[in-house]
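Participant: Next input, structure requested:
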Amino acid sequence: QVQLVESGGGWVQPGDSLMLSCAASGSTLSGYTMAWFRQAPGKDHEFVAAVKWNGDQTYYADSVKGRFTISRDKAKNTVSLQMKSLKPEDTALYYCAASRTVILSTIRRSTAYGSWGKGTQVTVSS
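Facilitator: Numbering: from 1, shown residues only. All right, here's what the predicted structure looks like:
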């Protein structure tokens with residue numbers, strides 16, 4: 001099973017940018033779908049973005065489309081989330097997740113992912 005470790009979180013002001021990184025180990029990522037979810041206090045996991053490891057297909061939540069970009073680096077075994085024009089409502093604990101079995105119809109469901117990191121906090125506030 002793949003192990004995931006997130007990094008790059010922090011406190012930023014509205015309108016700022018931040019890049020999150022997820023380092024994967026323990027398994028080849030061929031065939032995996034990698035995703036970012038976030039969880040604000042008192043709320044469920046919210047899908048943010050996903051990318052197919054073996055392809056270029058990317059998927060985004062409507063709330064982040066045009067502001068966030070997900071990418072993967074096969075040489076480094078990492079997945080990144082570039083976040084721009086951050087808003088206070090983007091404040092959450094951001095998780096990296098991985099799955100070999102997720103299909104398109106379930107790609108936005110947290111229950112479809114079996115491997116998770118511990119999360120990195122992003123706080124957007126003035």
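
Participant: Look up the closest residue to the residue most central in space within the chain, ignoring the ones flanking it.
Facilitator: Geometric centre of the chain, nearest residue: Trp36, 1.8 Å, by Cα atoms, centre = their mean. The shortest distance from Trp36 to any non-neighbouring residue, by Cβ to Cβ, 6 or more residues apart in numbering, is to Val48 (4.2 Å). (Each C-beta comes from the backbone N, C-alpha and C, glycine too.)

Participant: Can you tell me how far that neighbour is from Val64?
Facilitator: The gap separating Val48 from Val64 is 6 Å, by Cβ to Cβ, to the nearest Å.

Participant: if you go through the chain in chain order, where are the strands?
Facilitator: Along the chain, the segments classed as strands by DSSP state E run 3-7, 10-12, 18-25, 33-39, 46-52, 58-60, 68-73, 78-83, 92-99, 115-116, 120-124.

Participant: Including distance to Arg109 and mean pLDDT, could those strands go into TSV?
Facilitator: Shown next, in TSV, are those (distance: least, Cβ to Cβ, whole Å; pLDDT from 0 to 100):
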stretch	distance to Arg109	mean pLDDT
strand 3-7	18	98
strand 10-12	28	98
strand 18-25	19	97
strand 33-39	10	98
strand 46-52	7	97
strand 58-60	12	97
strand 68-73	17	96
strand 78-83	18	98
strand 92-99	10	98
strand 115-116	13	97
strand 120-124	21	98
